[in-house]
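Participant: Quick one: sequence plus predicted model below, questions after.
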Amino acid sequence: MPKKILIVDDDPDIILFLSTVLKDNGYQTINAMNGREGLEMIESEHPDLILLDLMMPKKSGLSLLSDLKRDSVNRQIPVIMVTGVSSETGHDLASFFKGNTAGNEECKAIIPEGYLEKPIDPEKLLGMVKGLLKPD
Amino acid sequence: MRKINVAIIGGGSGSLAIMDMISRQRPRKLQMHLVGIADINPEAAGIKKARLSNIYTSFDYHDLFNIPKLELIIELTGDPKVSLTIQHEKPDHVQLMDHRMARLFWDLNRLDDEQLHADKEIKKRSHELRASEEEGLRQKKTAEGIIYGSPIPMLVIDKNHKIAYWNRACEKLTGFSSEEMIGTDRQWEPFYAQKRTTLADLLIEGDTDTIKDLYKDMKLRRSAMVEEAYEAEHFFPHLGPKGTHLYFNAAPIKDDQGNIQGAIVTYQDFSERVLMTQQIKRREAFVQNLIQNSIDGIIATGPKGNIRIFNSGAVRILGYAPDEITGKMTYPEILSEETGQAIRESFYSNKHGPEGKIINMEVNLLNKAKEPIPVRFSGTLLYEQEKEVGSVVFIQDLREVHKLQKEKELAQRMAAIGSTVAGVAHYIKNILTGLQGGAYVINSALSKKDLGLVLKGWDMVERNIGQIGAIVNDMLTYSGQRTPDYQKINPNELASEVLELMEEKARIAGVTLVRNLQPGIPKVSIDRMGIHNCLLNLISNAIDSCTLEGIVKGKGIVTVKTDRPSDGGIRFIISDNGTGMDEKTQKKLFRDFFTTKGYKGSGLGLPVTKKIAEEHGGTLTFESTLGRGTVFTLMLPERYRQESEPW
């Protein structure tokens, strides 16, 4: 059985790009256009890995991640956060998380398993996905 | 006083002596009065003289006996027989004085005269002598007093080269007391390291050749005031703690026979003056330096308006060389008539600063090529005893100031461009992701020969190219100055067109679009492309604000309303029930490249929209409450066709 990967992004272009990269490398992909849809898909489809956009309408990526990591069953699903560098904050995602979770046990739990910055390098994406998906 | 009438017989030389004696007799109790003279010789000296004096004369002495009130006859014939005859013939009341008696009388009289004269002479002489002695003593004392008490250092040496006077000021100057110096020949000691002949010594010797030789390096010159005196000046390093600059004057002292009896030397200490002169020179050099090297132009004029100072700053600003302007030119030659008038007015009023001064007046001066140079002009009139004697003005080249201002503006624009580049780079990076993704998808599709996927990938590339086109357009719109391309357009139709374009985005975001377009609005004259962009930006923003997680409760609604204000024109109102904005965000809203959408916004949408509105002479305003939503109003005024514009 090919591994099932959920792509959550409000940009159809990004969905098409990511799904093409993953499908070409033998993964099965499913898509959601916003955080709420994404959460529903996790419940119904049980993906093996999630590619999650940070900024989306109707429940942001951060909100979805927070819900997911509090779920006793689904918290095991590895998440790769996909984002660009905010022109407003100037922080990259890694430091964003470290900054927000420092000294907070509960917050530490909602750190994603990986980060990817746009523009996305397909090789890097595949390497990270492969690393996070343990063989059965 | 009794008068005795006297007659003389015999007109020889004796008669002249007696006549002389009678005429010169001094006032006495008995006064002789000559009433006649007789001689057989009518040419006798006495007869001649009597005639000249209108005194009675006769050749016969008997005639004399008839002169009334005759009292005395003086016989001067020298003949005893004649004397005897007269004795017998004369009237009884007349006395006779014969020639021997007369001679005695004359001698006595002369002695008396001489005695008197001698007495007088002695008296006079003794008085004179006393006076001169007193005067001499007094003069001597006065001279000593003057010399000793004089504030001018002074010394006198006698003809034996010994010091005769050494006054108090000299004591003070040299530090040698008069007690130790007077009577010695140590006059050289305070001034020189080794014993040598001084100017005073040489004057006493009359050795002018040695004087000239020995004092040639001390600015020796003959005194203009005192004959045979010399003046010289020199710095004496051994005199005083730091040495002393002395001016000295040596003059010979001569007695009334013209013999040299000594020499007097006076000194003037001008060390302080030398120091002051040096100080003044230094200060002058400093001021000159300051004037010359001032960045500002400095121009000073004399009483007739002649330019006296024209520093290098002024040269730089106005282009004249200093030697072609100083002393030769006046203000009217570097000012236009009206500028000159304005400057005069300001000087004599309190227009720019108080009367007599000008502070920071901006005027144009004429440079050498007669071009107007903008300057900031400050100055003051100079007065001497309330009389105007000139002026000093400072001019600052405003071309430089203007240049600096431009440079500053450029620097600010460069900084703005810097932040622009950073903002745009993030946005473009996002587009690049799309393009890269599209290229990847096409490659993948081609290898699988999946035509449908090729088209999807191509769509993606096209959309992102479209986005690059849009942002480039926005940037050009924002940075350039352009006039709207006016066309007659139905605003409701334009609004509907944009709403249709936004349908898909609203559907994905779960936002409801509400149309509230006032029917019957006539065509208005607007830039179709520009306003299309504005509406797209505003509606797209409104949808985005309804989709931000956590703040928006319930379903997002975006309403687009059109209406026509009473004073004409057209109004588009775009409202949402989205996140709204806090004050901080509101303040930054129209600032270049500010975005709340991270890498998904260029930050150019609202600034561009506002600019397009303003190009139409319209406005873009908003009201926003955090958590409740925002209303944007795009207001475009009625535009009346101008003659030159075709519809």
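Facilitator: Noted; the coordinates are in hand.

Participant: residue ranges for the strands of the stretch 1-150 of chain B, please.
Facilitator: B:2-9, B:30-38, B:56-58, B:70-75, B:95-97 (DSSP state E, counting those that start in this stretch).

Participant: quick one: low-confidence parts of chain A?
Facilitator: A:57-59, A:84-109, A:135-136 (pLDDT under 70).

Participant: Chain A: strands as residue ranges?
Facilitator: Here chain A has its strands, by DSSP state E, at A:4-8, A:28-32, A:49-53, A:79-83, A:114-117.

Participant: what angle separates the fourth one from strand A:4-8?
Facilitator: Right, the one you point to is strand A:79-83. Here the directions of strand A:79-83 and strand A:4-8 differ by 30 degrees (axes from the mean of the first three to the mean of the last three CA atoms, to 10 degrees).

Participant: report the longest helix in chain A, please.
Facilitator: The residue-count maximum for a helix in chain A (DSSP state H) belongs to helix A:12-24.

Participant: buried residues in that one?
Facilitator: Using 16 or more other CB atoms under 10 Å in any protein chain shown as the test for burial, helix A:12-24 gives A:13-24. Where C-beta positions appear, they are placed from N, C-alpha and C, glycine not excepted.

Participant: Now tabulate those in JSON lines and tack on distance to chain B.
Facilitator: Output for those, formatted as JSON lines (distance: CB to the nearest CB, whole Å):
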{"residue": "A:D13", "distance to chain B": "5"}
{"residue": "A:I14", "distance to chain B": "7"}
{"residue": "A:I15", "distance to chain B": "9"}
{"residue": "A:L16", "distance to chain B": "6"}
{"residue": "A:F17", "distance to chain B": "3"}
{"residue": "A:L18", "distance to chain B": "8"}
{"residue": "A:S19", "distance to chain B": "9"}
{"residue": "A:T20", "distance to chain B": "5"}
{"residue": "A:V21", "distance to chain B": "7"}
{"residue": "A:L22", "distance to chain B": "11"}
{"residue": "A:K23", "distance to chain B": "8"}
{"residue": "A:D24", "distance to chain B": "5"}
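
Participant: ranking the strands of the stretch 1-150 of chain B by burial, who's on top?
Facilitator: strand B:70-75 (a mean of 22; mean count of other CB atoms under 10 Å in any protein chain shown).

Participant: Just give the strands next to that strand in its sheet, each with its orientation.
Facilitator: Strand pairing for strand B:70-75, using DSSP bridges, gives strand B:2-9 (parallel), strand B:95-97 (parallel).

Participant: By mean pLDDT, show me the worst of the ones you listed.
Facilitator: Of all the strands paired with strand B:70-75, the minimum mean pLDDT falls on strand B:95-97 (a mean of 86).

Participant: Can you give the contact residues for that strand?
Facilitator: B:71-75, B:83, B:86-87, B:90, B:105 (CB atoms under 8 Å, 6 or more residues apart in numbering or on different chains).

Participant: which residue lies farthest from the center of chain B?
Facilitator: In terms of distance from the mean C-alpha position of chain B, B:H88 ranks first, at 114.3 Å (CA atoms, centre = their mean).

Participant: could you measure that one against chain A, distance?
Facilitator: According to CB to the nearest CB, to the nearest Å, B:H88 and chain A sit 174 Å apart.

Participant: Next, the contact list for that residue, please.
Facilitator: Going by CB under 8 Å, 6+ apart, the list of residues near B:H88 is empty.

Participant: Nearest spatial neighbour of residue 47, chain-adjacent residues omitted?
Facilitator: Defaulting to chain A. Computed as CB to CB, 6 or more residues apart in numbering or on different chains, the closest residue to A:P47 that is not its neighbour in sequence is A:L6, at 3.8 Å.

Participant: wait, I meant chain B there
Facilitator: Closest to B:I47 by CB to CB, 6+ apart is B:G11, at 4.3 Å.

Participant: Go ahead and confirm the one you found touches B:G36.
Facilitator: No - contact between B:G11 and B:G36 fails when scored by CB atoms under 8 Å: they sit 11.1 Å apart.

Participant: Now for these two: what residues contact both?
Facilitator: Counting by CB under 8 Å, 6+ apart, the residues touching both B:G11 and B:G36 are B:50, B:57.

Participant: burial measure for residue 133, as a count.
Facilitator: Since you didn't name a chain, this refers to chain A. By other CB atoms under 10 Å in any protein chain shown, 14 other residues sit near A:L133.

Participant: you looked at the wrong chain, it should be chain B
Facilitator: 10.

Participant: B:I359 too?
Facilitator: 15.

Participant: Spatially, which residue comes closest to it, not counting chain neighbours?
Facilitator: Closest to B:I359 by CB to CB, 6+ apart is B:G353, at 3.5 Å.

Participant: Just the pLDDT for the one you found.
Facilitator: Looking at B:G353, its pLDDT reads 84.

Participant: what about it, distance to B:R283?
Facilitator: 27 Å (CB to CB, to the nearest Å).

Participant: Look at these two and report which has more neighbours.
Facilitator: Taking other CB under 10 Å, B:G353 and B:R283 do not tie; B:G353 has more neighbours (17 against 10).

Participant: residue contacts, the residue in the stretch 151-300 of chain B positioned nearest to chain A?
Facilitator: Residue of the stretch 151-300 of chain B nearest chain A, by CB to the nearest CB: B:I295 (42.5 Å). By CB under 8 Å, 6+ apart, the contact set of B:I295 is B:313, B:396.

Participant: So it, which state does it fall into?
Facilitator: coil (DSSP: H, G, I helix; E, B strand; the rest coil).

Participant: measure B:T197 to B:L203 for me?
Facilitator: 10 Å.

Participant: Compare neighbour counts for these two and give me the winner.
Facilitator: Between B:T197 and B:L203, counted using other CB under 10 Å, the more crowded position is B:L203 (24 against 16).

Participant: Touching, the more buried one and B:A232? I think so.
Facilitator: No - using CB under 8 Å as the test, B:L203 is too far from B:A232 to be in contact (11.9 Å).

Participant: quick one, what contacts residue 23?
Facilitator: All of this is about chain A. A:T29.

Participant: sorry, should have said chain B
Facilitator: B:L34.

Participant: can you give me the offset of stretch B:513-525 from its chain's centre?
Facilitator: Stretch B:513-525 sits 76 Å away from the centroid of its parent chain (CA atoms, centre = their mean, to the nearest Å).

Participant: Alright, I will stop here.
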